[in-house]
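Give me a 3D structure for the following:
(4 chains)
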2 protein chains.
Amino acid sequence: MSNPRKPAPAGAEHAPLELEHFLPYRLSILSNTVSQAIADDYQRKYDLGMTEWRVMAVLARFHGLSAREVAERTAMDKVAVSRALARLVEAGRVHRDTHDGDKRRSVLSLTEAGWLIHDDVAPMARAREREVLQKLDPDEQQWLTRILDKLQPVAQK
Amino acid sequence: MSNPRKPAPAGAEHAPLELEHFLPYRLSILSNTVSQAIADDYQRKYDLGMTEWRVMAVLARFHGLSAREVAERTAMDKVAVSRALARLVEAGRVHRDTHDGDKRRSVLSLTEAGWLIHDDVAPMARAREREVLQKLDPDEQQWLTRILDKLQPVAQK
DNA sequence: ACGTTATAGTTACATTTGAAACTAATAGCA
DNA sequence: TGCTATTAGTTTCAAATGTAACTATAACGT
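The predicted structure follows:
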């Protein structure tokens, strides 16, 4: 497999973008690869989408959230959350009650079945994360955390 | 707006995932935000999708690529490339020839109109990237590059 | 209490995306 | 040469996603 090099443009006053050094491009590939690797673990096994898994993850931490609160915690929009919840409730993985003083709000929690799935998937997800992080030296890991912390506010519009 | 804290689960032997510290989750939000910020610049102005822009970017650097080679260089799959090219050719932004010795292959290049768009969008994209990077100190920028270099192989399956 | 405005959540529609099947052309090999 | 396997690229169908409109309930101001 010889590398099929192609010549750069003739005139070359065009300053084309070098995709492979372009931050947004690199981030997007890395992000997709990492997320996909994890999703592969549970997608087939439980017929569970990434959005559904994220909803389950926050419901595992916070009891009795409303759909809107789930949306905040997952950085998903309310339509995506609504759809994920519809599937999760249908599948008997999430229980949906109505708030006492406000009939608009739902009160959400994992069911027994939901917990079983969570307790299987969460360790797998953590293990995958570890696999990725172990490609980095400890100091690189720390810098990465620090960098993500700094860029986080950019992401939270 | 008081922070609506909710109690952690009672039993607490479930070890739920803390999404906001979970690498894949953070990467995905950051990646989406950054890419979207850039895409907003050209999406409306030129009715140009991110996939189409990426195709244009590699065609600006490498002349006469085939669709498959574009797919390799953009890390997109061939179906996505095929669709992006269909739109670009239709819009008169990319010229599609057939390879001399192999009638299956296309030989692609930007048209005059394509170059005009490229020369407008590329600097905008670079400027946005700079905006993001300037949130980081110089040493953090260097670490980020180094970290991405190290994780790159993970992403290139 | 009443009309207006805002909020929680769902539904509907249009667009995007992905996987698999398909077509056309080339390559490999007997 | 002729048969089979590959490769380039497109089409098709289903699932995922985004936007806007909609329903129901609650909050607010008078």
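
Tally up the residues packed near A:Ile117, please.
22 (other CB atoms under 10 Å in any protein chain shown). Just so you know, the C-beta spots here come from the backbone N, C-alpha and C atoms, and that holds for glycine as well.

wait, it sits on A:Asp41?
No - the pair A:Ile117 / A:Asp41 is not scored as a contact, 11.7 Å apart, by CB atoms under 8 Å.

Would you mind stating the distance between A:Arg96 and A:Arg105?
Between A:Arg96 and A:Arg105 the computed distance is 10 Å (CB to CB, to the nearest Å).

now A:Pro16
A:Pro16 is 52 Å from A:Arg105, by CB to CB.

The two: who's more crowded?
It is A:Pro16, of A:Pro16 and A:Arg105, that has more neighbours when counted by other CB under 10 Å, with 20 against 17.

Now do the SS call for that one.
coil (DSSP: H, G, I helix; E, B strand; the rest coil).

Spatially nearest residue to it (excluding sequence neighbours)?
Computed as CB to CB, 6 or more residues apart in numbering or on different chains, the closest residue to A:Pro16 that is not its neighbour in sequence is B:Ala60, at 3.6 Å.

right, and that neighbour touches B:Leu110 too?
Yes - counting by CB under 8 Å, B:Leu110 is a contact partner of B:Ala60 at 6.1 Å.

joint contacts of those two?
Common contacts of B:Ala60 and B:Leu110 (CB atoms under 8 Å, 6 or more residues apart in numbering or on different chains): B:His118.

lowest-confidence helix or strand of chain A?
helix A:138-155 (a mean of 88; mean pLDDT, DSSP states H and E).

So which elements touch it?
helix B:23-46, helix B:138-155 (3 or more CB pairs under 8 Å, 6 or more residues apart in numbering or on different chains; DSSP states H and E).

DNA strand C: which of those is closest?
Closest to DNA strand C of those is helix B:23-46 (CB to the nearest atom of the strand; 8.9 Å).

Tell me the confidence at A:Asp100?
Looking at A:Asp100, its pLDDT stands at 93.

Kindly tell me how buried it is, as a neighbour count.
Using other CB under 10 Å: A:Asp100 sits among 8 other residues.

Phi and psi next, for it.
phi -60, psi -60 (degrees, to the nearest 10).

okay if I get the helices and strands packed on helix A:138-155 as JSON lines plus distance to DNA strand C and mean neighbour count?
Formatted as JSON lines, those follow (distance: least, CB to the nearest atom of the strand, whole Å; neighbours: other CB atoms under 10 Å in any protein chain shown):
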{"stretch": "helix B:23-46", "distance to DNA strand C": "9", "mean neighbour count": "19"}
{"stretch": "helix B:138-155", "distance to DNA strand C": "14", "mean neighbour count": "15"}
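
Can you check which of those helices gets nearest to DNA strand D?
helix B:23-46 (7.9 Å).

and the closest one, what does it pack onto?
Against helix B:23-46 (3+ CB pairs under 8 Å, 6+ apart) you get helix A:23-46, helix A:112-133, helix A:138-155, helix B:50-61, helix B:112-133.
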